[in-house]
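Visitor: Structure of the sequence below:
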Amino acid sequence: IVIEAVPERLDIKQSTWKKVSDLAPAKSIFCTNSSTLLPSAMAPFTDRPEKFLSFHFANQVWKFNTGEIMSQPQTDRDVFDQVVEFAKEMGMVPIKIHKEQPGYVLNSLLLPLLTAAADLWVRGVASFKDIDKTWKIATGSPAGPFRIDDTIGMMTMYNLNKDSSDPVLRKFAEILKSEYIDRGRMGKAVGHGFYDYQ
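Guide: Below is the predicted model of the structure:
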């Protein structure tokens, strides 16, 4: 099984799969770890669409061990079942997605929260720290939306919002670029994002 986790841009993923198709043995199953893009948009760029599907790992997979497995119209059912079994063998909890859905289950639930938080912050309704504090205290969640953004990474959040039809979300992307990305505050992985990490 080959699992791709390149940046969340369709053009990069498509070109990556063209290259991988030239190198991987015919028996290999291809999985994209995309968190928002549909596998059917990448399958034509492989030489084996019947062996192509999504296998999305949650952030901090070693702690939150879900694996969302989503086929596309050309995926062979036996291949889908093999990836489900592979997930179990890895100690993951396979989440079977029965129909293509941008954002799968996890991000279909998470992105509206992150979008609402960005909107509140950009419009000056509350500081990002108070938005996080509200979410954590009121729901018992271990992290607020901006700390989640840090875990996801600023480039992913930027790419998800920069071409939005919503002007507030485009403004959010501009702020991420100028105030965070351009200053090396790329998120938790590098120790600095909205928050500073040890």
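
Visitor: Only C-alpha atoms from now on, for both contacts and neighbour counts.
Guide: Will do.

Visitor: next one: phi and psi at the residue sitting nearest the centre point of the chain?
Guide: Central residue check for the chain by C-alpha atoms, centre = their mean: the C-alpha nearest the mean position is that of Ser35, 2.9 Å away. When quoted as degrees, to the nearest 10, the phi and psi of Ser35 stand at phi -100, psi -10.

Visitor: quick one: contacts for it?
Guide: For Ser35, the contacting residues are 8, 56, 102-104, 107, by C-alpha atoms under 8 Å, 6 or more residues apart in numbering.

Visitor: can you list the domain ranges for the protein.
Guide: As assigned by the TED database, the chain contains the domains 2-97, 105-190.

Visitor: and the ones you listed as TSV, adding distance to Tyr197?
Guide: Compiled in TSV, the domains of the chain are given as follows (distance: least, C-alpha to C-alpha, whole Å):
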stretch	distance to Tyr197
domain 2-97	15
domain 105-190	7
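
Visitor: Mind putting those domains into a markdown table with distance to Asp196 and mean pLDDT?
Guide: A markdown table is the format used below for the domains of the chain (distance: least, C-alpha to C-alpha, whole Å; pLDDT from 0 to 100):
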| stretch | distance to Asp196 | mean pLDDT |
| --- | --- | --- |
| domain 2-97 | 18 | 95 |
| domain 105-190 | 8 | 96 |
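
Visitor: so Met70 makes contact with Leu53?
Guide: Yes: contact status for Met70 versus Leu53: in contact at 6.0 Å, counting by C-alpha atoms under 8 Å.

Visitor: what do those two both touch?
Guide: Taking C-alpha under 8 Å, 6+ apart as the criterion, Met70 and Leu53 both touch 39, 80.
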